[in-house]
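mind looking at a prediction? Sequence and model below.
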Amino acid sequence: MCGQTGIFLSPKRRNASQREDLMRAFAAAVLTQEPRGPHATGVAGLQADGRHQIAKEATNASLFFHNGGATSVLSKITGRTAALLGHARWATRGKPEDPRNNHPFRCGPIIATHNGTIYNADRLFRLYRLRRYADVDSEILGRVVERSWTGERPDAGLLTTLLAPMSGQLSAAFVSKESPGHLLLLHGNKPLVAAYNRRLGAFLYASTSCSIDAASDATGGGWEPFALPSMTGYVFSRDALENPEAFPITFIRKAPKAKPAKAAASARKRRFAQAGLDLFADGIDEFALTS
């Protein structure tokens, strides 16, 4: 499992206090995803003119923020910021020591994050004759979105056709530096929740509701729940955040291979300890992390 979150912004003007609120909300949302992905953390910012910043490190979110890893993105939040994307990675395919495997990642003009695993990514790269840059399976999603995003927004028909043969789990987020006015969300069989803040003109999505709660605490509330039914794709426009275009998606839904309970608990404990999350390592057998 991984944790992803992000904020998509309307083009309204915001004063310094509101921009500070957005920075706090985004940082809080990313930090609360840490238990879902302790192996690497990354953030990205996209401006209305297509300029962008991506920062990521093979470390947990607490250390990433403490060491200033997010500064290059957070410091660029201005009145022209269109989107912020964050990710906490639990590594499955592709070593986190290689930054190409960590999220957010680029596929041409597309900036993407993904929660899940695509088991037949290798075959699909060959089938679709797509170039490959990294080892991480998530790249196949970025490449099919790159192929389908041919104009101002993705071609929903082409995208659904390319997604259909995929096998595994996914929920994912995509923006394009060539079309900063739109956000594509795919809510498949991995969790994805959302909220909207009218005062800030901001739409927030996340793998779990704890990010929305943290953003609300950081900004004094005002985040209204926004329903995102599963097995659906959504194209949001900055000019109409509350009215996304929705379309059905389908793929071969395949659950992760189950491990014996004792072995799974031991594996989680080792991974948290290796990532430096001693608090979680000590108490890992006391609770279960939901996917």
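Ah, there it is.

could you give me the buried positions within the one helix or strand residue 157 maps to?
If you go by DSSP states H and E, residue 157 is part of helix 156-163. For helix 156-163, the buried set under the neighbour-count rule, 16 or more other CB atoms under 10 Å, comprises 156, 159, 160, 162, 163. (Glycine included, C-beta is placed from N, CA and C.)

ok, the last one touching residue 250?
Read that as residue 163. Yes. The pair residue 163 / residue 250 is scored as a contact, 7.1 Å apart, by CB atoms under 8 Å.

what does the helix holding residue 157 contact?
128, 144-145, 147-148, 150, 186, 233, 235, 245, 247-251 (CB atoms under 8 Å, 6 or more residues apart in numbering).

go again using 6 Å as the cut-off
Helix 156-163 has contacts (CB atoms under 6 Å, 6 or more residues apart in numbering) with 144, 148, 247, 249, 251.

any idea which helix or strand comes after it?
Following helix 156-163 in sequence, per DSSP H and E, is strand 167-176.

and for the closest residue to residue 31 other than its chain neighbours, the neighbour number?
Distance criterion CB to CB, 6 or more residues apart in numbering; nearest residue to residue 31, sequence neighbours excluded, is residue 61 at 5.0 Å. Counted with other CB atoms under 10 Å, residues neighbouring residue 61 total 29.

with residue 152 instead?
The number of residues near residue 152, taken as other CB under 10 Å, comes to 12.

ok, residue 99 next?
Quick note: residue 99 (other CB under 10 Å) scores 15 neighbours.

okay, and the beta partners of the closest residue to it other than its chain neighbours?
Spatial nearest neighbour of residue 99, excluding adjacent residues (CB to CB, 6+ apart): residue 56 at 5.9 Å. Under DSSP bridges, the beta-bridge partners of residue 56 are residue 42.

so residue 56 makes contact with residue 103?
No. Residue 56 lies out of contact with residue 103 (CB atoms under 6 Å); the separation is 7.1 Å.

pull up the overlap in contacts between the two.
Joint contacts of residue 56 and residue 103 (CB under 6 Å, 6+ apart) are residue 42.

just the buried subset of the contacts of helix 156-163, please.
144, 148, 249, 251.

now, the residues you listed that are in helices?
Under the assignment DSSP state H, these contribute 144, 148 to helices.

the buried ones among the contacts of helix 156-163: which two are farthest apart?
148 and 251 (14.2 Å; CB to CB).

for the residue nearest to residue 31, report the pLDDT, please.
In this prediction, residue 61 carries a pLDDT score of 97.

same thing with residue 133?
In this prediction residue 133 is given a pLDDT of 95.

element containing it?
Applying DSSP H and E, one finds residue 133 in no helix or strand.

mind checking how far it is from residue 142?
The gap separating residue 133 from residue 142 is 9 Å, by CB to CB, to the nearest Å.

please say which of those two ends up with more neighbours.
residue 142 (26 against 14).

could I get the buried residue list for stretch 170-186?
By neighbour count with 16+ other CB under 10 Å, stretch 170-186 contains the buried residues 170-177, 179-186.
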